[in-house]
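**Q** The following block contains a protein sequence and its predicted model.
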2 protein chains.
Amino acid sequence: MSFFIKFSVHLFIILLGFSLHPAQADDGSNLWLKYDKITDPGLIKVYSSLGSKFWISQKTETGDKIKDEIEKGFNGLFGTHTKLTDDVFQATLIVSTVEKLPKEWKPLVEKELKGKAKEGYFITQMVLKNSKRTIIASYTEAGLMYGIFQLFRSIQTQKIPKNLQIASFPKTKLRILNHWDNLNRTVERGYAGFSIWNWHTLPEDLPDIYEEYARANASIGINGTVLTNVNANALILSHEYLLKVQALAKVFRPFNIKVYLTAKFYAPMTLGKLPTADPKDTVVVAWWNKKAAEIYTIIPDFGGFLVKANSEGEPGPQKYGSTHAEGANLLANAVKPYGGVVIWRAFVYESTQNNDRATQAFNEFEPLDGKFSDNVMIQIKNGPVDFQPREPLHPLFGSMYKSNIMAEVQITQEYFGFSTHLVYLGTLFEEFFKTKIAPGKNNQTVANSLDPAKTTRSLSGISGVANTGTDRNWTGHLFGQANWYCFGRMAWDTELSAKEIAQEWIVQTISRKPAVANLIQKIMMESRENAVNYMTPLGLHHIMALIHHYGPAPWVETKERADWSATYYHKADSIGLGFDRTTKGSNAVNQYDAYYKNLYNDENTCPENMLLWFHHVSWNKKMKSGNTLWDEMCYKYQSGVDSLRKSQKVWNSLEKNIDKAQFLHVRNRFRIQEKEAVWWKDACLTYFQSFSKLPFPKRIELPLHDLNYYKSLQFKYVPGL
Amino acid sequence: MSFFIKFSVHLFIILLGFSLHPAQADDGSNLWLKYDKITDPGLIKVYSSLGSKFWISQKTETGDKIKDEIEKGFNGLFGTHTKLTDDVFQATLIVSTVEKLPKEWKPLVEKELKGKAKEGYFITQMVLKNSKRTIIASYTEAGLMYGIFQLFRSIQTQKIPKNLQIASFPKTKLRILNHWDNLNRTVERGYAGFSIWNWHTLPEDLPDIYEEYARANASIGINGTVLTNVNANALILSHEYLLKVQALAKVFRPFNIKVYLTAKFYAPMTLGKLPTADPKDTVVVAWWNKKAAEIYTIIPDFGGFLVKANSEGEPGPQKYGSTHAEGANLLANAVKPYGGVVIWRAFVYESTQNNDRATQAFNEFEPLDGKFSDNVMIQIKNGPVDFQPREPLHPLFGSMYKSNIMAEVQITQEYFGFSTHLVYLGTLFEEFFKTKIAPGKNNQTVANSLDPAKTTRSLSGISGVANTGTDRNWTGHLFGQANWYCFGRMAWDTELSAKEIAQEWIVQTISRKPAVANLIQKIMMESRENAVNYMTPLGLHHIMALIHHYGPAPWVETKERADWSATYYHKADSIGLGFDRTTKGSNAVNQYDAYYKNLYNDENTCPENMLLWFHHVSWNKKMKSGNTLWDEMCYKYQSGVDSLRKSQKVWNSLEKNIDKAQFLHVRNRFRIQEKEAVWWKDACLTYFQSFSKLPFPKRIELPLHDLNYYKSLQFKYVPGL
């Protein structure tokens, strides 16, 4: 027996070495799919043998990926080796499309799945033929994959109902990442290194990272990806590059992810050498039709085009006296025979109309409602300006009822401190999706408006501007992963709360210890409001630095484009602060439903967190707290910094409880965030004080430098351009 | 007993899962430091307990890193947990400076170490105080670290002599990587992603990759790194950036790696706002002195400056009527009080002197020999043009005897197919280091000339232009790691052969199976000659595309700079091919020692692999093979392609024997290489045929396209700019 004691102890030591080593230096590359070993004896007892023999109905590439995932999951979580069986009646875990399920078991799942979104799945557990079995069923193999990821998520979050019964269906059809990746591998507004698409070595070389990307997206329900920047380059539509796209599409396909590309409106000229890109020109029409045919020959399940037109210098149909609808329909007709869509961005503004940029998208698009082809989707940002820390709802959500729409949020932290600030965007997404569109009339929320089951729209979806890059941990900041994760989860189910998604992410990524997870969850849940406060409290917006957007610069004035000036947005003067968008001002309030119009139009009913968005307010106005606007603003800036420091302290207290590499990484980035939060507070307060001429109230930490110092700061080589 | 059987078997299965999993998907991030488990029972018996108790003399940061390495090594290779002991007499492994070794053991090691380079080490094994002990000793703690890395390398290569006795000393003093990394994170001639220096998040954030970089370099003996591009940006010398450099220096210091920066000659103007950068101006002198003082306050062990001046548009002292020596001495005087050096590049050429670029460095520098301060090193590339696949020796090696010199080779594959071609540069480095400088006079080789023990030079070193980047595997191509590895090993010991270094790298990185390793070694050893043949056989050079250097373009002519034209270098015409550098031509041969001058000057004695470098040769000249030049050239191009295909086939046969991810990665890149080798052959042969008007000989695969096709190819977004 001594041999076995020695042998087993020896092995145990080695094993510890193996299992501790990775846990001690998590570089973040495995995201939320680490499948760290479960130590809870209760969970082990219930679930470790759940997949001891499994059967998969699909002998397809997706089936292979499902098999891989089952093996990874059980091996990682429980250290058990699962076995694939050919006999469905032998299996303890049955992963099957409805069609291929043994006839006698079909009714059990059909009653849950019938009539619902086909990508949905049903997980159930019951005794069948005298054995306890777990069934994951769906009408599609994509649904089966989603079900497997849900199973492992549920096990880790320990949230499986006692009878293990979960039915889930996506609440919107297209759940898409938008990569603002350029062909030279820079990423516009990318803060996690460079583009993961290595165009130079495609199509031959397919590093694992491509499949890892697809798997990560599939695990959270994302089903499409726009590979290229909305500030588009027609070269991506050349035959040479389409072959590269084809190679990526092949990797993504088994994970139910379609590729989309951005289309440059001038492509018929720059790529096709035509003299015009006029959408009314038959040669142009023919060129797009031919290009679409070529694309679908190469990529039969190509998703479609995303287009930014007539905005910020991008070309578009208006150049030819045509409308957005005519431009969009040109491309939509080209891809329609193949089932493709055109996603046309409503983010448009031209510097010639400078009274209020926030109103321009509505002005241009609302009159076109009903004129878009049925395979066009209008992509509308959550707010009317540009992904600011807090914006009111984009008014187009309350108007384009005859058009298909796509909501657009930004996952990359262009306006949230790049990848060095811990800002969990789940609360922003939730605020957005749960906003009621026309409270005076009905209870419809943004979420409802994107749910085909709840509108007459044939198509709808949710886009997120990706925050991924070549950094080993994918997103620069570890907590950037949570924003990617949350985006996918919420795009699948807009009813999920930011809080529960945060919890899911934490237990899969950092710690399953409830006390630790709860502290981290609190940090996350407060983080966005902290950032709003130390950057742009009370409805302030667009006061960051020009071009690269790094840091505060409320003094920015550029004659070239007034709508890029910070002063255009805050309008600080000796009297007060804020943009008058009331009926007496730019009248932007008039683009909203009557309820919001009235609410926002009155300085006294307008929610204070949007006050300066809609009103030019006297420095001395009494706020609800009893403070003057000036004092209140000072306190908000200070509270952003203070609350952030508290979070930092909490994080630093976790050193002994979490992975060392994770701990140091976040600790270091908190140091940058704290420094920059103070910078934001100080730069903004010294600047606004030059208008208010008022002293800082008590308890405000005095700025470290004078205004000239902050104005003098210049930064070169800021990432994300 | 059954419990233990079950327990141990269970553990064994888990263990297999853990150990097989990483082996099945090696993404290359661990380089040659994987320490995969040793399975050879003989080795296990001899070495697994060698470090069971170890003692380290150094209670320093370096000591901590040595401890970490010992633990990683024994844990990885043998699965054994080593223990640090405080009692040197209890230790089986003693890692000690000579100074701190118990007195009675000192003589044993001093006789090996005395009078030799201080970074060297001595490893020995003997019975002391009745126990068998292994001692690693050095005069420096850096030497101890090098010794530890050597120990693990020796164990893995199974090359430890029976009595385990190894003494090794660096043959040159400075062993430095040159990073051509820009502050915006692009890397000039970088093909492995982007710069690993994330300037935006420095100095606060210090991801593990920085320490991993230092450790990898230390493992192969590199002791310095120039962080920034030779095409320099003065911003790196600003206080703000120096604090970022300080943070990196702190991470590198325990690994005996000094940081160096590139200095822009105009820095006193662009950064210091002075009206001039004239080296004779006392204000300029004062500026550099003050800047050096600032740098050394921040980084006390700062290595020094690397300068590219008066070349390719970079500013320099000639602008002010001063010489390279005066410019170099200006900076050298500034850093001298702190022990810093100035590395001044001899890679200079100006487009105004267009008769023969290959002669310019010699013309400018040779007359200055003896005029440089003793802390200046002249950095000379291996050949006189620019890192071409094959060049003759740079003539400055045979002339600057009164100056300190630094040899410069290129690890990144600017002219070797970027990171998609498998080209092992060990054979190029070896060819260079073993070249005799003046064979008529003596046997001194380039290697000897860099060895302080063999010259009167007080300083010498070897620089390599780095091939590292953000790619997970560091170097783009897995085999690019071998070039980094080989550079370090050969810089430490120029006597090592490319073949043995290849073997070392393979067994640590890919496979310890002799049959597999031998096949891979053969692929590596043939790879550079293959590339020479399919790109630039017989002394052809500089016929790649303009600017980005991607692919063949012997037709390039640019009026802006004749010395960037391919035609300038090959001079093809109806009569023949090649650059006449004989006494009747540019007279470049006159820059060499008499032996080489005579050898190269005569078409009949000139080695054929450099024939077209030195001669304009008739298409019909009979070569040693009996073929005409034209036929011979065609056969060389074909043989490059053929031999490459053989290597590809050998690699593809290894599928079952090596890690899957490694296999696929290299297989995919071989596909690109094969395609591009054919492209090189076809483009060059169709082009040169337009001059020779001769038919392709038998057995030549006919080009796939005509010359116009190859000329028409345009590439955008090529990496490395």
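**A** That came through, no problem.
**Q** anything in the strand or helix carrying residue A:482 near chain B?
**A** Assigned by DSSP states H and E, residue A:482 falls within helix A:480-492. No: Helix A:480-492 does not reach chain B (Cβ under 8 Å from any Cβ of the partner chain); its nearest approach is 12.8 Å. Heads up, the C-betas are built off the backbone N, CA and C, glycines and all.
**Q** Just name whatever secondary elements that helix is in contact with.
**A** strand A:174-178, helix A:208-219, helix A:426-433, strand A:460-465, helix A:498-509 (3 or more Cβ pairs under 8 Å, 6 or more residues apart in numbering or on different chains; DSSP states H and E).
**Q** tell me the angle of the fourth one relative to strand A:174-178?
**A** To tie it back to what came earlier, the one meant is strand A:460-465. Per axes from the mean of the first three to the mean of the last three Cα atoms, to 10 degrees, the angle that strand A:460-465 makes with strand A:174-178 is 20 degrees.
**Q** domains of chain A?
**A** A:41-168, A:174-509, A:533-579+A:616-712 (automatic domain parsing).
**Q** Quick check: which of the ones you listed is nearest to residue B:480?
**A** domain A:174-509 (12.8 Å; Cβ to Cβ).
**Q** measure that closest one end to end?
**A** End-to-end distance of domain A:174-509 (Cα to Cα, to the nearest Å): 26 Å.
**Q** what do you get for stretch A:555-574?
**A** From its first residue to its last, stretch A:555-574 covers 15 Å (Cα to Cα).
**Q** Ok, stretch A:70-86 next?
**A** End-to-end distance for stretch A:70-86, by Cα to Cα: 15 Å.
**Q** can you check stretch A:551-566 too?
**A** 12 Å.
**Q** tell me which residues of that stretch are tucked away?
**A** A:551, A:552, A:553, A:554, A:555, A:556, A:561, A:563, A:564, A:565, A:566 (16 or more other Cβ atoms under 10 Å in any protein chain shown).
**Q** now, which of those residues sits nearest chain B?
**A** residue A:551 (11.7 Å; Cβ to the nearest Cβ).
**Q** how many neighbours does the spatially closest residue to that closest one that is not a sequence neighbour have?
**A** The shortest distance from residue A:551 to any non-neighbouring residue, by Cβ to Cβ, 6 or more residues apart in numbering or on different chains, is to residue A:545 (5.3 Å). Residue A:545: 19 surrounding residues under other Cβ atoms under 10 Å in any protein chain shown.
**Q** Please verify my assumption that residue A:545 contacts residue A:558.
**A** No: using Cβ atoms under 8 Å, residue A:545 is not in contact with residue A:558; the gap is 11.2 Å.
**Q** just so I know, which of the helices and strands packed on helix A:480-492 lies nearest chain B?
**A** When the helices and strands packed on helix A:480-492 are compared by Cβ to the nearest Cβ, helix A:208-219 sits nearest chain B, at 6.0 Å.
**Q** Following the lowest-mean-pLDDT helix or strand in chain A in sequence, what is the next regular element?
**A** Each helix and strand of chain A was given a mean pLDDT (mean pLDDT, DSSP states H and E); the minimum falls on helix A:2-24 at a mean of 40. Per DSSP H and E, the first helix or strand lying C-terminal to helix A:2-24 is helix A:41-47.
**Q** Excluding its own residues, what touches that next one? List them.
**A** Here helix A:41-47 makes contact (Cβ atoms under 8 Å, 6 or more residues apart in numbering or on different chains) with A:38, A:77, A:78, A:155, A:158.
**Q** Count the neighbours of the residue nearest to residue A:443 when sequence neighbours are not counted for me.
**A** Distances taken as Cβ to Cβ, 6+ apart place residue A:436 nearest to residue A:443, at 6.2 Å, with adjacent residues excluded. Counted with other Cβ under 10 Å, the neighbours of residue A:436 add up to 18.
**Q** Please name the residues that touch residue A:436.
**A** A:443, A:444, A:445.
**Q** ok, so of those, who is nearest chain B?
**A** The closest of the contacts of residue A:436, once distances to chain B are taken by Cβ to the nearest Cβ, is residue A:445, at 38.0 Å.
**Q** Show me which residues of the stretch 451-600 of chain A sit near chain B.
**A** A:470, A:471, A:472.
**Q** just checking, which of those belong to helices?
**A** If you go by DSSP state H, these have nothing in helices.
**Q** quick one on the thing from earlier: most surrounded residue in the contacts of residue A:436?
**A** Ranking those using other Cβ under 10 Å puts residue A:445 first, with 20 neighbours.
**Q** Many thanks, I have nothing further to ask.
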